[in-house]
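Enquirer: Sharing a model that was predicted from the sequence below.
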Amino acid sequence: MKRSLLYILILLTGGSLITSCHKLNEAITSELTPSAFPSDSSQYPSVVGPVYVVLRGNYAVEYFFQQSYSTDEALMPARGGNWYDGAQNQQMHYHSWNADNGYVNGNWTWMSTIIGVANQTLNILKTAAGTDAAKKPWIAETKMVRALAYYWMMDNYGNVPIDTAYGDFTPHANVARSTVFNFIESEIKAALPNLNTSTAASQYGRPTRYMAYALLAKLYLNAEYYTGTARYDDCIAACDSVINSGLYSLQPISTYLSQFAPTNGPQCSEFIFAIPYDPAMTNTFGTSGWPFRCVNIHARYDVPRSMGKVATGAGYNFFNLPFTPDGPAGTLLSYYSYFNDPGDIRNNQWLTGLQYEPDGVTPLTVTTTKSGYDFTYTGSDGSAPYTYQVNLTPNYSLRLSTAQFDVGNDEIGWTMGYRNIKFYPDATSSSRNQNNDIPVFRYSDILLMKSEAILRGGTATQGQTALSLANQLRAQRTTSTAWTNITLDSVYNERIREFAWEAWHRNDMIRFGKFEGAWGFKTDADVNHRIFPIPTSALTLNPALKQNPGY
Amino acid sequence: MNLIAFCKIGPGKPAVPPTFPARFLTKTLLVMKITAFLILAACLHVSANGFSQKITLSVREVPLEKVFKEIQKQSGYSFWYKTQQIDKTVRVTLNFRDASLQEVLAKCFENQPYDYVIVEQTVVIRPREPAPADEVNPLAIIKGKVTTAAGKPLGGVSVTVKATKKGTTTDDNGDFTIAVHHEDVLVFSYVGYDTKEVRVGDQATIAVSLTESNAALNEIAVIGYGGQAHKNLSSAISTVKNSDLNVGAITDVGQLLQGKVPGLNITASGDPNTPAAVVLRGASTLNSSQTPYYVIDGVPGADISLIAPNDIASIDILKDAAASAIYGNRAANVVIMVTTRKGKTGQTQVNYGGYVGLEKVSSELKVMDAPELRSFLGKNSLAFSPSDDKSANTNWQKAVERNSAVSTNHNLSVSGGGEHGSYIASLNYANKEGILNGSSLQRVIGRLAIEQYAINDKVRFGFNVTNSVSNSNDIAYRNTVLLESALYLPVSPIKNADGSYFEDFNHQNYYNPVAMMNHSQLNTKYNNLAASLFTQVKLPFGLKYDLNLSYQDYSSLQGEFLDSYFTNNYNGMYNNPDPGLGFHLQQTFGQNGQATESSIKNTTKVIESFLTWDRRFGDHSINAVIGYSWQDQVTGEGFTVTTANFPVNSIGYNNLALSNPYGLNNWDVNFGSDGVYYKTRLISDFGRVNYNYKDKYLLQGSIRRDGSSVFGADHQWGYFPSVGAAWRISQENFMETNELFSDLKLRGSYGVTGNSTGFSAYTAQFLSGNNGTFYYNGSNVAAYGPIQASNPDLRWEKTATTDIGLDLAFLHNKLLVNIDAYNKNTTGMIYTYSVDPILVPAGRSPRTGGSMNNKGIELGITANLVSRSDFSWTSSLNLAHNTNKITSLTNPLFAGGDSIRLSDPEGGGQSGSTLQILKAGKPLGEFFSPQYAGKDQNGVSQYISGADTLTTSPQIGIDYHYLGNAQPKLLLGWANKFRYGRFDLNVFLRGTFGNKIFNATRADLFRPTTAQYTNILKDVAGESINNARAYVYSSRFIESGSYLRFDNATLGYELKSFTPYLKSLRFYASVNNLFVITGYKGIDPEINQGGISPGVDYNNFYPKTRQFLFGLNASF
């Protein structure tokens, strides 16, 4: 009995010893907590990295769609219901978009995310180990990426909220476009002195001082439209800062298209700022809830499906692609007709008419059935085989359904539209992700912006005129004779030829007052549509936001 | 000695008649006189041999006294006895001619409680067995019979003398014989029947009828840190015994309980690898995983795959918060207490149970066959591409299925025990084939449970160890395979003439499903170990101390191999994830074969220590528990690696070192996802008091203080109280004369439970993670950035439940009724808010905010409809109704909870379309989609726009309407048990009513215009070719999900004690899912009702099966 009492005593003592622990702090040994990362300045590249991953986000795909499908540059009709996708492409074309349009929504989210990631990164850099001097260039570059995102956001949505401090979770109201304009201008000016002036490969893909000037030039060129106040001289001054650096030059006519090829990169002398794409780059934003693909998959949308990886008889793998492209997008004849100078190298970015195998002689054929070729075929031998040569046709006809923007799911439907292969399909990739970097600012844009600014009333500088600047460019683009006179319209036309598929056309059309015109099936002329609505999801997430006028 | 004892009894006993007959006196004198003889006889070993008088006697049913007189007459021998002795003897029937005295006497005393000695010429009658020294009363032999209330004989009933604990059991006819004293009390007990006590008195034969016990009343419910009889519960707890669990080749415990407990909504899809979703009394949270919280033999948070269904003794479901609040922090969803079989004191028992099951497909998607599709195309002037049309008629769904899938299961257990301990050891082997080719599960579970008392039985040690080893073969990209098997054109053959697989890569996302299956492997082996040590010490003053230590270790090893055919042909394919993700991800495979090996280990250590005080003071009894619990958990320890470029395909994933991933362009070795590893700690203090006055008034109160490391530093601790009271009205005096109710109890309770699961352990922290790579100075550099905002305000989510219940037993427990009504409010719901990415770029952040309400009523009825000796029928019906409503979805900072559209199946041409919405005032699972309004004159589907006009192209979000919801209005389970002789038949039906299902699978196969590229449903035949977008997710595809399923019928035949070595043997045959009555057009209306988007039939390609089972149970 005594012994059992002893045992009991031991148990009770043991029990109360055990029960005295009330410590809940589990050391985190498997995550990058603020105390663990960054531990020194050598990790800054990895700290700012997320800004560039997310910047890559929608730029090559959904952002391009919003800038391009809303203009006469391109459209993506449905084919038997495929690519209808909630009418988002149809709405882009008809200017009938609403606050729930997938692109309107996705791009707002993407731009907001760039800003949010930049704010977070700045917050981390502020408290991170390291000297202020070591941090300065990284902070300036991050702020420039943020300014670029704000520029896109202001250009697309007009009145947007300004959030600059991470950790302040109170919803901010959207402010007037002019306020955003001023904010961007001041941000760029503040960052300028701390930005790198090198154009070496080490700086490629990240903002330099000249990227800041290029963005300033773009801002000032459009200032009259954005704010009502013309800033053409400021635009010219910004362009001059780039020109005078002497660091950039035009690609000669022989290599013009190569600067968009999968092999493009830091060596491209026209690139002031480009967003690098590489199929080997990974992106985990998508898996953690940020739906940005961060890929360039132009060929998927632009190459006719019979010209990539195909089954026997279904075409010819002209571009040697590892995948079958969908190829639902093409240009409009009205846009293509600007490419009317036979000596212009830029014509070569188009796929039109009858297609041949690379020998240029053997017709590129597809074997299908009579009704597979034309779903409207009513003969009784609809299933009889039918072989035809792929023929890309310039016009679109909504043969299956006008209401549903559908050209039909047959070979006729799939070959509608001239195609653009400026960002040449990448045969070296094992997936549909391409290696082609996409330029945001090219030197040719600087020249044409300055030319246009002069035509719009800016003061010519450095002995350059609107005409001389345009001819300087055209000398490297066409074998035709130089222009002898120049108008705003001819600058507009030149911009079409120079920047096709580079996501600037919507911006140009608005500035030139052409956005309310009619093209394709579109007749809408509502000026409110120069900016997109604030997406419903954004209004839900931020109750302080106010919808744009007209939506 | 005998004689002395004999003398002692003589006078002064109450049994002595009040008037002393003269004979008695003389006989007493005679006793004294012959004492001497007897002593002598004993000393001299006098035997009765040698007497040779012949006796002739023929009597029938006469008292012994008469026989003695006759013998005395014939032989001259006199008899010495007491009158009481004669009273206790039985009448005899004798038939002798010239028999010896011994022969006659032997017969006379054959069945008597006495025998005799012959001393000289006197026959002395004495007790047959020497009585103990303190025995004060002679024994009598009593015969008796035990029957059921219906008069059926009950064999095997234990009949014991209350005082001495000695006894016997009844034979097959219910008969027994026992030696007793008049004043003894006999105790009749039999499993499943109420124990009955009968005072012997003067009865010579005793007829006893036992009534079947009301299990719900007397059985001990496992309530956590103790147990309590159901009759004394003040909370809502449902107990399901092993014999009531669902029968079938079931490897998931959720499915064992389907339909058995009112208010427990369990949905299991046809896919055997997806555990059933279990929701109790409606969803109470938006984030918690739907897995119930299992407590197995007192081990909290145990993995249920450890337990073979055969080893389960009973399952208790803690339904209201008063019951589950003792498990405060984990109790938000449902706490299921599993009690396993234990060894019993007494003989060693060996049990074997085994079955073989056969599964056949009972339902699959009704897609067109080749002639149907051809005629549809012909009618619409469409045609197959020659590259597809090989004039085959392939049933692709059949092509990926087995003809029949076989399951076998063997369970062997040995148990036993002595006075101070018991043990049980069991081994279970299960082999289950999936209905899809190549899928299978093999599992071996070994279990040992030992209980040993020590130190004067004051200390009880228990040691349980269970190890479960599973090996499962699944199909890589199974959902894609199933999708292809629905889509693939029937006119194409499985293989070309040259033996290679038929493929047509001209179509997007179009792959031969048979080739996919046969060019990939996916195998998972997992090992699950749980060991626990219990120590219980009995202390003075009614105190008991328990210390439970447990350790659980789960490890899995998964290998996946996609061979060179797969990686080189299917690169760039989209996966087809299970619902919830909302987007398909394009897969990039490494060339020449890709292999993944993943090894993950989770460990949990738990210490629980509690002190129980159990005391009775007159009519008051008190049971109090205070305790402490500590839990440390490490999850996701291990690695995952994916590599590619193998020289051959035969290596599979078995030798990753042979791969050459660096020889591939644009492809990297992959290490799986970030943030898999985490540690959590939970610490709790708890206490509970139960007070019981006269078994009439019952009170319970408990409180648990819980701490979890997952919350913000200032909000780690939460308090979870509960109170309950019950009034057993049937125990009141005024109810004594009542014949109607055998039990009547009114219960009421209120309690709060918490939740700290369903989100990452580091949710409150500001974390950076891998964001991918970016171009930096000529190479791709890793980007590490915030993936999660800090959330110092994250705190306990709480669910408060009020429950009022009524337990009724009528007509001697022939009819049992339980009614419960409840109101359940979840507040401070931890919900992953969509947040403005400009503030939190992750776009989502789990925050505290939002609330939800569930109200409902549950009814359980059990009736013994027939209980005759040859036939009995018991019927149990349970019904439950619940209404769920999201009452708020806001957070002070983040508004992005309300009106969030979700469930995005991403069917072709439907990017961005959603099926459901989360909105305050609406239930979880509210459908929000275009409203179908028939067709226009061209046969094109039209819909009611947001502005109430008609449109053929509804816009996402704008032309959407509220279209009902996925939650059922009524759940039904109806079990019937029939017994006829040795046959038993169980019939179980189960149903769900009033819910809607969004049949997105059907919508995606509703494509008249693309029928030349991919197959369509037979039902599309009537669709106009103009209706290019017939597939638009809309009310057209919202269907009633009501169904009644004939879930199971089991016919058994039992043999009892037909050899001495086999105690019982039962054969049974069972069929599962015999038929379903439903109007639902998909594969099966039983669609997952758990999670945040319930009731969406999306990717429900998994064929539903019907299962036949033949089994036997034997005990030795």
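Expert: Cool, got the structure.
Enquirer: switch to C-alpha atoms for all contacts and neighbour counts from now on
Expert: Noted.
Enquirer: Go ahead and confirm residue B:487 touches residue B:1016.
Expert: Yes. Judged on C-alpha atoms under 8 Å, residue B:487 makes contact with residue B:1016 at a distance of 6.9 Å.
Enquirer: In the helix or strand in which residue B:831 is found, which residues are buried?
Expert: When elements are assigned from DSSP states H and E, residue B:831 belongs to strand B:830-834. Using 16 or more other C-alpha atoms under 10 Å in any protein chain shown as the test for burial, strand B:830-834 gives B:830, B:831, B:832, B:833, B:834.
Enquirer: List the strands paired with that strand, with their directions.
Expert: When pairing is defined by DSSP bridges, strand B:830-834 lines up against strand B:844-848 (antiparallel).
Enquirer: can you list contacts of the partner strand?
Expert: A:289, B:759, B:763, B:788-789, B:791, B:793-795, B:797, B:828-835, B:837, B:891 (C-alpha atoms under 8 Å, 6 or more residues apart in numbering or on different chains).
Enquirer: Would you verify that residue B:727 is located in a strand?
Expert: Yes. Counting by DSSP: H, G, I helix; E, B strand; the rest coil, one finds residue B:727 located in a strand.
Enquirer: pull the CA atoms of stretch B:339-357 into CSV?
Expert: Extracted in CSV, the C-alpha atoms of stretch B:339-357 (Å, rounded to 0.1, in the frame of the first residue of the first chain):
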residue,chain,number,x,y,z
THR,B,339,-14.1,2.6,-29.8
THR,B,340,-12.4,-0.5,-30.9
ARG,B,341,-13.0,-4.1,-29.8
LYS,B,342,-11.3,-5.1,-26.6
GLY,B,343,-10.4,-8.4,-25.1
LYS,B,344,-12.8,-9.9,-22.6
THR,B,345,-12.1,-11.7,-19.4
GLY,B,346,-12.5,-15.4,-19.8
GLN,B,347,-12.0,-17.7,-22.6
THR,B,348,-9.8,-17.0,-25.5
GLN,B,349,-11.9,-16.0,-28.5
VAL,B,350,-10.8,-16.2,-32.1
ASN,B,351,-12.8,-14.4,-34.7
TYR,B,352,-12.6,-14.5,-38.4
GLY,B,353,-14.4,-12.4,-40.9
GLY,B,354,-13.9,-12.4,-44.6
TYR,B,355,-15.6,-11.5,-47.7
VAL,B,356,-15.2,-11.3,-51.4
GLY,B,357,-16.9,-8.6,-53.3
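Enquirer: now the closest residue to residue B:285 other than its chain neighbours: how far from residue B:752?
Expert: Leaving aside its sequence neighbours, residue B:285 sits nearest to residue B:829 (C-alpha to C-alpha, 6 or more residues apart in numbering or on different chains; 6.4 Å). Separation of residue B:829 from residue B:752 (C-alpha to C-alpha, to the nearest Å): 13 Å.
Enquirer: overlap in contacts of those two?
Expert: Joint contacts of residue B:829 and residue B:752 (C-alpha under 8 Å, 6+ apart) are residue B:798.
Enquirer: residues making contact with the strand holding residue B:831?
Expert: Residues outside strand B:830-834 that contact it (C-alpha under 8 Å, 6+ apart): A:541, B:285-287, B:794-797, B:843-850, B:894-897.
Enquirer: and the spatially most central residue of chain A, what is it in contact with?
Expert: Nearest residue to the geometric centre of chain A (C-alpha atoms, centre = their mean): residue A:59, 2.3 Å. By C-alpha under 8 Å, 6+ apart, residue A:59 lies in contact with residue A:294.
Enquirer: show me where the stretch 451-551 of chain A has helices.
Expert: For the stretch 451-551 of chain A, the helices defined by DSSP state H, counting those that start in this stretch cover A:466-474, A:488-499, A:505-511, A:536-541.
Enquirer: Let me fix that, I meant to ask about the stretch 101-250 of chain B.
Expert: B:101-108, B:215-218.
Enquirer: Nearest residue to the residue in the stretch 601-750 of chain B that chain A sits nearest to in space, please, no chain neighbours.
Expert: Scanning the stretch 601-750 of chain B for the residue nearest chain A gives residue B:666, at 4.5 Å (criterion: C-alpha to the nearest C-alpha). Excluding its sequence neighbours, the residue lying closest to residue B:666 (C-alpha to C-alpha, 6+ apart) is residue A:280, at 4.5 Å.
Enquirer: go on, residue A:203?
Expert: Excluding the flanking residues, the one nearest residue A:203 by C-alpha to C-alpha, 6+ apart is residue B:777, at 6.5 Å.
Enquirer: for that neighbour, what are its contacts?
Expert: Applying C-alpha under 8 Å, 6+ apart to residue B:777 gives the contacts A:201, A:202, A:203, A:204.
Enquirer: if I've got this straight, residue A:92 is in a helix?
Expert: Yes. Counting by three-state DSSP, residue A:92 is found in a helix.
Enquirer: And for it, the neighbour number?
Expert: 25 (other C-alpha atoms under 10 Å in any protein chain shown).
Enquirer: quick one, phi/psi of the nearest residue to it once chain neighbours are set aside?
Expert: Spatially, and ignoring its direct neighbours in sequence, residue A:92 is nearest to residue A:70 (4.6 Å; C-alpha to C-alpha, 6+ apart). In this entry, residue A:70 is assigned phi and psi values of phi -90, psi 0 (degrees, to the nearest 10).
Enquirer: was I right about residue B:781 contacting residue A:283?
Expert: No. Between residue B:781 and residue A:283 there is no contact under C-alpha under 8 Å: 11.5 Å.
Enquirer: so who does residue A:227 touch?
Expert: A:177, A:178, A:181.
Enquirer: how about 6 Å then?
Expert: Neighbour list for residue A:227: residue A:178 [criterion: C-alpha atoms under 6 Å, 6 or more residues apart in numbering or on different chains].
Enquirer: Relative to residue B:530, how far out is it?
Expert: Residue A:227 is 70 Å from residue B:530, by C-alpha to C-alpha.
Enquirer: Between residue B:487 and residue B:1016, which has more neighbouring residues?
Expert: Using other C-alpha under 10 Å as the criterion, residue B:487 and residue B:1016 rank with residue B:1016 on top: 28 against 25.
Enquirer: In contact with the residue nearest to residue B:285, which residues?
Expert: B:797, B:848, B:849, B:850, B:851.
Enquirer: closest to residue B:203 among those residues?
Expert: residue B:797 (65.5 Å; C-alpha to C-alpha).
Enquirer: Next up, the contacts around the closest one.
Expert: Counted by C-alpha under 6 Å, 6+ apart, residue B:797 has contacts B:754, B:755, B:828, B:829, B:830.
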